[in-house]
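Visitor: build me a model from this:
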Amino acid sequence: MKRFGIKLHLNTWARVEDPPAGASSLERLVPACRDGDRKAQKRLFDALSPKMMAVCLRYMGNREDAEDVLQEGFVTVFTKIDSYTGTGSFEGWARKIFVNTALMHLRKTDALGLSDDIDEARSLFTEEATPVERIGYKELLRLIAALPADARTVFNLYVVEGYSHKDIAEQLGCTEATSRSKLQRARVRLQEMIRQLR
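Guide: Sure, this is the predicted structure:
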């Protein structure tokens, strides 16, 4: 696609069966995208980009980095679309690609700070209940974006994406204890920011 500054040659891949009649509109675009149909690729981009931009913003915390991750994510979606088997939703499959692309970007810049002192992080644990339910969705997203990259990433993976600490540790190359401490750090910081809004 021109939009990404590369020319994709998807039509050399083997075509798989068309999606079943009950497939979503996104799944119906997959065979044409595999065949290199630029109109189908644009329709897929237009349909997915708002949701995936929201995912990228949650991880990156700023629009410029989120746009870079969005572009890299779509390049990966279109170059690996042949690996989508039709099991599960296409949007869910694509979402994993965008999350992984954001994580790779954060790892490259060492924004996750995985070398933090675990003992220091453990001191942040608290039993205080979170008042997150009291604020609006947009305000919560703004506060999450203001978290440090490491805490924001673990918070997103655990709270939003539903990963376990074991899965997060494997994804980020850290220990489960580090994942837990970064989540707790995110919760404590969010509580502080919410209290300041009152």
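
Visitor: can you find the helix or strand in the protein with the smallest mean pLDDT?
Guide: helix 118-122 (a mean of 39; mean pLDDT, DSSP states H and E).

Visitor: send me the very next helix or strand once past it as PDB with only the CA atoms.
Guide: Next helix or strand after helix 118-122 toward the C-terminus (DSSP states H and E): helix 137-145. C-alpha atoms of helix 137-145 as PDB (Å, rounded to 0.1, in the frame of the first residue of the first chain):
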ATOM      1  CA  TYR A 137     -14.000   7.100  30.200                       C
ATOM      2  CA  LYS A 138     -12.100   9.900  28.400                       C
ATOM      3  CA  GLU A 139     -10.700  11.200  31.600                       C
ATOM      4  CA  LEU A 140      -9.500   7.700  32.600                       C
ATOM      5  CA  LEU A 141      -7.800   7.300  29.200                       C
ATOM      6  CA  ARG A 142      -6.100  10.600  29.600                       C
ATOM      7  CA  LEU A 143      -4.800   9.600  33.100                       C
ATOM      8  CA  ILE A 144      -3.600   6.200  31.800                       C
ATOM      9  CA  ALA A 145      -1.700   7.900  29.000                       C
END
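
Visitor: in helix 137-145, what's buried?
Guide: Buried residues in helix 137-145, counting neighbours by 16 or more other CB atoms under 10 Å, are found at 140, 143, 144, 145. For the C-beta atoms, the positions are set from N, CA and C on the backbone; glycine is no exception.

Visitor: and which of the residues you listed is nearest to residue 35?
Guide: Set against residue 35, the nearest of the buried residues of helix 137-145 by CB to CB is residue 145 (38.1 Å).

Visitor: where does pLDDT dip in the protein?
Guide: For the chain, residues meeting the criterion pLDDT under 70 lie at 1-24, 110-137, 198.

Visitor: can you pull the phi/psi pair for the residue nearest in space to the middle of it?
Guide: Closest residue to the average C-alpha location of the chain: residue 99 at 2.7 Å, with CA atoms, centre = their mean. With angles defined as degrees, to the nearest 10, residue 99 sits at phi -60, psi -50.

Visitor: that one and residue 171: what is the separation?
Guide: 9 Å (CB to CB, to the nearest Å).

Visitor: okay, and the common contacts of the two?
Guide: residue 157 (CB atoms under 8 Å, 6 or more residues apart in numbering).
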